[in-house]
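Asker: sequence first, predicted model second:
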Amino acid sequence: SGGSRYVYEMNSLMLINDGKGSFITKRLPTISQISPIYGMIADDIDNDGNLDLIHTGNFYGPDRDMWRYDAGIGMILKGDGKFGFSDMTVKESGFYVPGEGRALIMMPRAGKHSLLLLSSANKGTLQIFEKTLDAKISLLQVKQSEMCTHAIIEYKNGKRRLIVTGK
């Protein structure tokens, strides 16, 4: 395609819409720089009224001459309401994803619960975490025996697709 390509920023960061047609860049904390991020959600995980960030990543196959980029274990960053974030430990959050996480989806459920669905690379297993709105520990992984084995996705155009996750 010709032409030169330049990279000006190598950090994982978030873009904040300033409402005037531009974005403000905010670098994520150092702990979020240790591996690639592939899935991220902004949600109030600890119910303090501030948006927190949940992210997952890692990459096992850069090329044959490089090591894997696999230092991440998934992360919840506690927001202070002013776009500042600090990391929560696994013990505090209950969120632990050591493999190649790729995408995150938060799904509301009846009652005081939401489900966080996390897909893995290369046909890996679907991981499910439950968020209980009144609990101190916000995300707990659903037991393997309680995990779903399939999902039906319905698109706006009415088409449906069956996704089988394997157990």
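Answerer: Thanks, I have the structure now. Residues are numbered from 1 along each chain as shown.
Asker: going forward, measure contacts and count neighbours with C-alpha atoms only.
Answerer: Will do.
Asker: how close does the nearest residue to Asp80 once chain neighbours are set aside get to Ser22?
Answerer: Closest residue to Asp80 in three dimensions, ignoring its sequence neighbours and counting by Cα to Cα, 6 or more residues apart in numbering: Asn50, at 6.2 Å. Asn50 sits at a distance of 23 Å from Ser22 (criterion: Cα to Cα, to the nearest Å).
Asker: over to Leu162?
Answerer: Applying Cα to Cα, one obtains 39 Å for the distance of Leu162 from Ser22.
Asker: and for Gly158?
Answerer: From Gly158 over to Ser22 the distance is 36 Å, taken as Cα to Cα.
Asker: give me the more crowded residue out of the two.
Answerer: For Gly158 versus Ser22, neighbours defined as other Cα atoms under 10 Å are more numerous around Ser22 (10 against 7).
Asker: by mean pLDDT, point me to the weakest helix or strand of this protein.
Answerer: Evaluated with mean pLDDT, DSSP states H and E, the helix-and-strand set of the chain has its lowest mean pLDDT in strand 139-141, which scores a mean of 59.
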